[in-house]
Structure formats: C-alpha cells, structure tokens
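Engineer: Fold the following, please.
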Amino acid sequence: MSMSVRKRAGIAAVAAAVLVGVVGCQDTDKGTKKATGTPELQSRDAVTKVVQAAYKKTAEAKTAKVRMTVTMSGSAEAAGTMQMSGVMGWDPTLMDMTMKMPKEMAGAGADADMPEQIRMKWLDEAMYMDLGAKAAKEMDGKRWMKMDLGAMAAASGDKQLQKQMTRGLEDMNQSPAQQLALLLDSPNLKHVGSEKVDGVEAQHYKGTLTFQEMVKSNKSLDVLTEKERKELVVQAEKSGIKGYDTEVWVDGDGFPVKMDLGMTMPQGTVKITANYSDYGVKAAVVAPPAAETFDFMKLMEDLGAAGAGAGAGQGTGGAESGI
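Structural biologist: The predicted model follows:
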C-alpha cells in the first residue's frame with residue numbers, strides 16, 4: 001500500500017470514528033456545586049410541571065450554545081473522551097461545533113496527520129468535517145469531508161441499513177427538548193435539590209428509563225415495525241443494556257443549563273454531559289465551498305479500487321513468477 005493510500009485510509013478511519021462518537025458527548029460534577037443545607041424537594045406533580053414547561057421553552061428556542069463531553073469506558077477499543085463546543089440547532093437539525101480529538105482517534109489516523117481539533121458542521125442531513133491542511137495535501141487541496149448518511153444508505157441498497165441511517169439522523173436531532181420529553185416518561189422522575197451550575201442557581205432533577213421504556217417513548221424509532229422494535233429490545237437485553245440514567249438542571253428562566261445522560265452495558269459505560277447557554281442564539285450554518293469538499297463515499301470507492309488494483313497486481317506477479 002502506498003503512503004498516499006495509507007494516509008487516505010487513516011482519514012477515513014478518523015471520519016468514521018468521529019461520526020460514531022457524535023451519533024451516538026463525563027465529569028458529572030464539573031461546573032456543578034451542591035447547595036448546602038437540607039433541600040426542599042418538590043412533589044412529583046410540581047416536578048412534572050417544571051420539566052414540561054422547560055420542554056416547551058426549549059423546543060421553541062430551537063438553538064443554543066453547548067459544551068459537550070462524551071466519555072466511553074470499558075474495552076480499549078471503545079474507551080476515550082470526546083469534547084465538543086459550539087452552536088447546535090433543532091427543528092431543523094443544525095450544528096457548528098469544534099471537537100477536541102481524543103488520543104485514541106488521533107492514533108487511528110496517525111498516518112493522515114490529523115489535527116488535534118476538528119470543526120464539524122451538520123446541515124441538510126449531512127456532516128462536514130474540517131480535517132485540516134495536512135489532510136488537504138492528500139485530497140487535492142480539499143480539507144472538508146462530507147458524509148451524507150441518507151445517500152450512503154440509499155447507495156447501499158440495504159433496506160435495514162436505510163432504516164438504521166434514518167434512525168441515526170433522528171438521533172442527531174436529539175435536542176435538549178427531546179431529552180426532556182423522554183425524562184417525563186420516567187416512572188421515577190424526582191427533584192434532587194438546588195445546585196449551582198457555572199455560577200447559576202438551578203434545580204436538579206433525575207430519572208431512569210429501561211430500554212423498553214425508551215423504545216416506547218423515542219419517536220425516532222417510529223420507522224421500525226412492531227416486530228423490529230421487539231427485536232431491538234431483545235437484542236438490548238441480551239447485550240446487557242438495562243436502561244438510561246438522565247439528569248437535568250433547570251435555571252430560574254426555565255431552561256435546562258446542564259444535562260447528564262448515562263448508559264451501562266457489559267462492554268463499559270457511555271456518559272454524556274452537555275452544558276447549554278444562550279438559547280435562541282443565531283445559528284447560521286453554511287456548508288463549506290464545494291471546491292474545498294470531498295465526499296466520503298467517493299474516498300471509500302477510491303480506496304476499494306486501489307485495494308483491488310493492488311490485489312490484481314500481486315496475482316499477476318505470482319503468475320509470472322511461476323512461468
């Protein structure tokens with residue numbers, strides 16, 4: 001394999017790892033200080049009203065600034081921490097964020113000289129990643145990679161993959177409002193007390209959902225048939241996924257200023273902490289210039305062709321040596 005092909009393969013590996021980390025963002029005490037004294041806890045009815053009001057305000061805001069940390073622990077292959085910050089929007093889904101590259105991902109793309117930080121944009125059901133000037137040298141001066149999940153699914157011709165991709169697109173739109181909606185379905189939703197988040201007084205709420213309860217509540221799974229939904233629950237139970245833990249801190253204006261999401265399975269844990277601010281901020285996300293953008297699918301096709309060419313060359317060489 002030539003150095004150029006190796007580096008392009010490294011670029012592809014990093015891009016895939018980034019997408020998995022995003023679609024699928026913990027130091028749960030960071031920026032949170034517990035209030036002193038015995039907290040005056042709210043009743044279940046009061047908690048429900050607060051979270052419902054927060055859901056409505058957040059849904060109407062449509063945008064916010066966010067700092068997000070995703071921590072995956074367990075097997076060496078999955079372990080790592082990803083940090084992102086920037087602006088996100090929902091209805092429609094928008095994103096302009098910068099991700100700090102974890103060492104694990106940087107190692108995956110060592111041959112491609114990946115930058116320590118990657119700017120990501122999400123627009124019109126496509127992800128764009130700025131892979132930096134060094135990557136551009138390998139890609140004819142193009143530094144932005146485009147990953148169109150819808151097009152990738154359609155090109156595969158795999159109906160099941162298309163459904164999974166559709167689910168992935170919906171999951172990308174898991175705004176804080178949608179997380180609040182899921183939390184409302186928790187049978188043990190409760191008020192924890194008053195705490196400060198980034199210096200702001202907020203009320204802390206928490207609840208849990210079993211995987212089956214999550215499947216029932218999550219509208220992004222409506223694309224599945226009843227049989228497929230049952231199979232999803234069975235697979236989750238077999239894999240040891242028991243459920244999700246959700247915590248939210250709501251400020252005096254009725255907006256969530258922090259959310260923690262956690263999931264535990266035999267392979268390890270996934271924990272996401274998101275700090276929100278500036279609800280309603282302008283999020284004018286613009287796609288990178290076409291002249292600076294290359295397509296992930298085309299890259300994979302080129303790598304496949306290069307691999308096939310190398311295999312054909314080796315086969316020819318072997319035939320010649322046997323004459």
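Engineer: how about the strands of the stretch 1-150 of the chain, start to end?
Structural biologist: Taking DSSP state E, counting those that start in this stretch, the strands of the stretch 1-150 of the chain run over residues 32-34, 63-74, 80-89, 94-100, 117-123, 126-130, 144-148.
Engineer: next one: the stretch 201-323 of the chain
Structural biologist: For the stretch 201-323 of the chain, applying DSSP E, counting those that start in this stretch gives strands covering 243-251, 256-265, 268-277, 293-295.
Engineer: which other helices and strands contact the shortest one?
Structural biologist: Packing contacts for strand 293-295, counted by 3 or more C-beta pairs under 8 Å, 6 or more residues apart in numbering; DSSP states H and E, involve strand 144-148. The way it works is simple: take the backbone N, C-alpha and C, and place the C-beta from them, glycine included.
Engineer: picking up where we left off before, JSON lines for the strands of the stretch 201-323 of the chain, including mean neighbour count?
Structural biologist: Written out in JSON lines, the entries for these read as follows (neighbours: other C-beta atoms under 10 Å):
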{"stretch": "strand 243-251", "mean neighbour count": "21"}
{"stretch": "strand 256-265", "mean neighbour count": "20"}
{"stretch": "strand 268-277", "mean neighbour count": "20"}
{"stretch": "strand 293-295", "mean neighbour count": "19"}
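Engineer: For residue 135, which of these is the nearest?
Structural biologist: strand 293-295 (9.5 Å; C-beta to C-beta).
Engineer: just to revisit the earlier point, quick one: which of the strands of the stretch 1-150 of the chain has the weakest pLDDT on average?
Structural biologist: When these are ranked by mean pLDDT, strand 32-34 comes last with a mean of 61.
Engineer: circling back to that earlier point, quick check: which of the strands of the stretch 201-323 of the chain is nearest to residue 98?
Structural biologist: Here strand 268-277 is closest among the strands of the stretch 201-323 of the chain (C-beta to C-beta), at 14.9 Å.
Engineer: wait, doesn't residue 53 sit right on residue 255?
Structural biologist: No: assessed by C-beta atoms under 8 Å, residue 53 is found out of contact with residue 255, at 9.9 Å.
Engineer: Of the two, which one has the most company?
Structural biologist: Using other C-beta atoms under 10 Å as the criterion, residue 53 and residue 255 rank with residue 255 on top: 22 against 14.
Engineer: burial measure for the residue nearest to the more buried one when sequence neighbours are not counted, as a count.
Structural biologist: Once flanking residues are discounted, residue 255 sits nearest to residue 279: 5.3 Å by C-beta to C-beta, 6 or more residues apart in numbering. Residues within reach of residue 279, counting by other C-beta under 10 Å, total 19.
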